[in-house]
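Trainee: how does the following fold in three dimensions:
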Amino acid sequence: MKPASENRIHQLFEVSVWLKGAHALIECIGGILLYLVTTDTIVTWVNMFTQEELVEDPNDFIAGHLSRMAGEFSVASKEFYAFYLFSHGLIKLLLVVGLLRGKLWSYPASLAALGAFIVYQLYRYSYTHSPGLLVLTVFDVVVMVLIWQEWRMVRRHRQA
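Mentor: Residues are numbered from 1 along each chain as shown. Prediction:
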């Protein structure tokens, strides 16, 4: 019988892995959609969403920034982001399946992949200063700690 603390860690582990899986699925879908949508369509959508705000306040920081970004969004950038989202999501989905099935290979593989993603996210943060990247990085660190704890428990119980 597992101690109560192990059960809580396991429950937190499962919730965090399911959340990672949901995020990975959203990334895969987003990557596919981004690949299928043209850059002209993206510009049209952004202009449609920001037009009213820019009419009301031509100096609106967010609307103006989004409008400029969409106008400068190249086909090569779109294809890179589509590939990045899809591949990033697919890797995480495969790792999530392995973790939820208790496959031993998935624990170190997940730690390595999340570690690499964290390094990349921090690198990107150094350029973008996006708070979203920091939130994602903190969540990834928490998930890594839970994966590490779960891996230790799984190995200990398999040895017993």
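Trainee: what mean pLDDT would you report for stretch 58-66?
Mentor: Averaging pLDDT along stretch 58-66 gives 80.
Trainee: what are the contacting residues of it?
Mentor: 46, 49-50, 53-54, 57 (Cβ atoms under 8 Å, 6 or more residues apart in numbering). All C-beta atoms are positioned from the backbone trio N, CA, C, and that covers glycine.
Trainee: let's see 7 Å
Mentor: 46, 50, 53-54 (Cβ atoms under 7 Å, 6 or more residues apart in numbering).
Trainee: give me phi/psi at Phe73?
Mentor: Dihedral pair for Phe73: phi -80, psi 110, per degrees, to the nearest 10.
Trainee: with adjacent residues omitted, what lies nearest to it?
Mentor: Once flanking residues are discounted, Phe73 sits nearest to Thr39: 5.5 Å by Cβ to Cβ, 6 or more residues apart in numbering.
Trainee: sorry, back to before: quick one: which of the contacts of stretch 58-66 is nearest His88?
Mentor: Val46 (22.9 Å; Cβ to Cβ).
Trainee: could you check how far Pro106 is from Thr137?
Mentor: Small correction: residue 106 is Ser, not Pro. 21 Å (Cβ to Cβ, to the nearest Å).
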